[in-house]
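Q: next come a sequence and a model predicted from it.
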Amino acid sequence: MQVAEASTGLGALVVNEMHLLYGAKFVQQWEGLTPRELKDSWNQKLAGLSESHVRRGLTACLTREWPPTLPEFLKLCCPWLTPEVAYHEAVRGVSARRRGEIGNWSHPAVYWAAVGVSTVDLLNSNYGSIKARWERTLAEELSKGAWPDIPEPRAALPAPGQTLASRAQAEAALKKMGAGKLLEPRSRSHREWIEKWEARIALGGYPTKAIAEMLTHAKYSANPERT
């Protein structure tokens with residue numbers, strides 16, 4: 001079968017590159033199809049992907065001894081299709097945003113799934129404990145088909161003990177605002193307030209200096225052992 005055929009489209013790109021990378025191994029894998037049928041089959045399955053996605057998959061093939069199946073290749077092109085891979089990407093991305101960096105996101109759905117799950121829970125859970133919730137949220141985001149742009153990160157929140165306000169001042173400010181319940185360790189209202197602000201920040205919201213300091217101390221009250 002003559003696989004390397006001069007034609008256009010992502011299917012032709014993949015077929016030609018696979019032939020160069022794997023030679024007879026790739027030919028044998030698709031034995032029985034004409035060059036046109038092979039290209040058309042790949043074109044259909046790659047519908048919706050960009051050339052950059054496809055080239056990511058081809059780059060990943062450089063370390064593989066055998067040609068991937070079509071489903072395997074799609075996962076190489078789109079790592080976010082594998083929930084656990086996407087989860088670890090989200091953890092790294094959210095951690096980067098805590099430092100004021102935008103993070104490295106292979107797909108916006110991964111970012112919005114992180115927001116949907118709650119960045120607080122994402123960073124304070126292991127994959128096993130959050131697996132079902134993460135997979136459900138990621139699947140819901142991927143099914144949307146269109147996503148808002150990932151917002152630029154805002155200023156990173158200062159670490160406990162590095163703010164201008166003392167803990168006592170922050171507690172007094174919370175009480176003055178009628179938010180004294182937030183000072184109760186591990187209270188539901190405490191957690192909800194933190195999660196709401198985490199979600200607002202993830203969406204591009206910008207807390208005032210006072211709110212940023214109170215949020216830091218509220219988080220410290222919930223998890224004092226993490227300091």
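A: Received, thanks.
Q: helices of this protein, start to end?
A: 10-22, 24-29, 35-45, 51-61, 70-77, 83-98, 108-117, 119-123, 127-142, 167-176, 188-202, 209-222 (DSSP state H).
Q: contacting residues around the residue lying closest to Asp40 once chain neighbours are set aside?
A: Excluding the flanking residues, the one nearest Asp40 by C-beta to C-beta, 6 or more residues apart in numbering is Gly11, at 6.5 Å. C-betas here are computed from N, CA, C, even on glycine. Counting by C-beta atoms under 8 Å, 6 or more residues apart in numbering, Gly11 makes contact with 38-44, 46.
Q: possible to save the residues you listed as CSV with pLDDT?
A: Shown next, in CSV, are the contacts of Gly11 (pLDDT from 0 to 100):
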residue, pLDDT
Leu38, 93
Lys39, 92
Asp40, 91
Ser41, 90
Trp42, 92
Asn43, 89
Gln44, 88
Leu46, 88
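Q: got JSON lines for the helices of the chain, with distance to Pro153 too?
A: Converted to JSON lines, those look like this (distance: least, C-beta to C-beta, whole Å):
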{"stretch": "helix 10-22", "distance to Pro153": "33"}
{"stretch": "helix 24-29", "distance to Pro153": "43"}
{"stretch": "helix 35-45", "distance to Pro153": "36"}
{"stretch": "helix 51-61", "distance to Pro153": "23"}
{"stretch": "helix 70-77", "distance to Pro153": "27"}
{"stretch": "helix 83-98", "distance to Pro153": "4"}
{"stretch": "helix 108-117", "distance to Pro153": "11"}
{"stretch": "helix 119-123", "distance to Pro153": "11"}
{"stretch": "helix 127-142", "distance to Pro153": "19"}
{"stretch": "helix 167-176", "distance to Pro153": "23"}
{"stretch": "helix 188-202", "distance to Pro153": "8"}
{"stretch": "helix 209-222", "distance to Pro153": "13"}
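Q: pick the most buried one from the ones you listed.
A: A comparison of the helices of the chain by mean neighbour count, using mean count of other C-beta atoms under 10 Å, puts helix 108-117 on top with a mean of 23.
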